[in-house]
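Novice: need a structure here:
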Amino acid sequence: MRDLLRKELRLSASPLAYIFIAFGLMFFLPGYPILCSAFFVTLGLFHSFQAAREANDVVFSVLLPVAKRDVVKGRFAFVCLIECCGFLVMSAVTAVRMTVLSGAAPYRTNALMTANPFALGMALVIFGLFNLIFVGGFYRTAYKLGKPFVTYCVAAFLTIGAAEALHHIGPLAALNAFGTERAGLQAILLAAGAAVFALFTYLSCAKACRDFERIDL
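Specialist: Numbering: from 1, shown residues only. The predicted structure follows:
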């Protein structure tokens, strides 16, 4: 598995997968839907899938002396690694906004979602949707990218829109807490997002392994 991950990192990955990790810094932007940063991280991953397909990476991988399901697991490991890197950037920015910049006027007057653990949890949900819909969808054919990516885009932006709207509903205003306000609730929301990410990724990987083994390349 380690060798397959190294192959993904050095041979299969598009440079955009690494460059787009920096979009996690968008969590600094006031007056902007910051969850789009999670989408851009996955967009870099999409370019990796596209570049690998054009290089016939799937056929090359199955010719290696490894099980077909390990090829899928190696790709999932790469995807999760890039997502975790993006999440770490978002987390660092969120920590700064919750402490040093917690009273900054541009953030306090921002009508959109603030950077807090709930936002991080929703970013993990978006990553989970990418793994479930796009990565899992790709391995139904190990070739077609368009339909699963468009489906993922629709799901991701609906999720972003819902997350941005929720804190405007009176009883749910605590979702947009600043600084360390409502820390207990925020921690629960972050844990829930992590659980969704783990569940979606596990289910998608298991199904992708089964689908890929049935494909006659």
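Novice: residue boundaries of the strands in this structure?
Specialist: Applying DSSP state E to the chain gives no strands.
Novice: Okay, helices next: where are they in this structure?
Specialist: 2-7, 15-19, 36-54, 57-62, 68-98, 105-108, 117-129, 136-138, 146-166, 183-214 (DSSP state H).
Novice: for the shortest one, packing partners?
Specialist: In terms of contacts (3 or more C-beta pairs under 8 Å, 6 or more residues apart in numbering; DSSP states H and E), helix 136-138 is packed against helix 146-166, helix 183-214. Yep, even glycine has a C-beta here, placed from its N, CA and C like the rest.
Novice: Can you point out the buried residues in stretch 186-200?
Specialist: Q186, L189, L190, G193, A194, V196, F197, F200 (16 or more other C-beta atoms under 10 Å).
Novice: Take that stretch, keep the C-alpha atoms, and write them as CSV.
Specialist: The C-alpha coordinates for stretch 186-200 follow below in CSV (Å, rounded to 0.1, in the frame of the first residue of the first chain):
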residue,chain,number,x,y,z
GLN,A,186,-19.1,23.5,17.9
ALA,A,187,-16.9,20.5,18.9
ILE,A,188,-19.9,18.2,18.5
LEU,A,189,-20.6,19.6,15.1
LEU,A,190,-17.0,19.1,14.0
ALA,A,191,-17.1,15.5,15.3
ALA,A,192,-20.3,14.9,13.4
GLY,A,193,-18.7,16.2,10.2
ALA,A,194,-15.7,13.9,10.7
ALA,A,195,-18.0,10.9,11.3
VAL,A,196,-19.8,11.7,8.0
PHE,A,197,-16.5,11.9,6.2
ALA,A,198,-15.3,8.6,7.6
LEU,A,199,-18.6,6.8,6.8
PHE,A,200,-18.9,8.2,3.2
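Novice: Adjust the sequence numbering to begin at 484 for everything that follows.
Specialist: Sure, I'll start counting at 484 from here, so that last one is stretch 669-683.
Novice: List of residues touching it?
Specialist: Residues from elsewhere that reach stretch 669-683 (C-beta atoms under 8 Å, 6 or more residues apart in numbering): 599-601, 603-608, 610-612, 614-615, 658, 660.
Novice: So which of those residues wins on neighbours?
Specialist: A606 (30 neighbours; other C-beta atoms under 10 Å).
Novice: hang on, it packs against S520?
Specialist: Yes - if you go by C-beta atoms under 8 Å, A606 and S520 touch, sitting 7.3 Å apart.
Novice: Comparing the helices of the chain, which comes out most buried?
Specialist: helix 600-612 (a mean of 25; mean count of other C-beta atoms under 10 Å).
Novice: center of the chain - which residue?
Specialist: Nearest to the geometric centre of the chain sits F610, at 2.4 Å (C-alpha atoms, centre = their mean).
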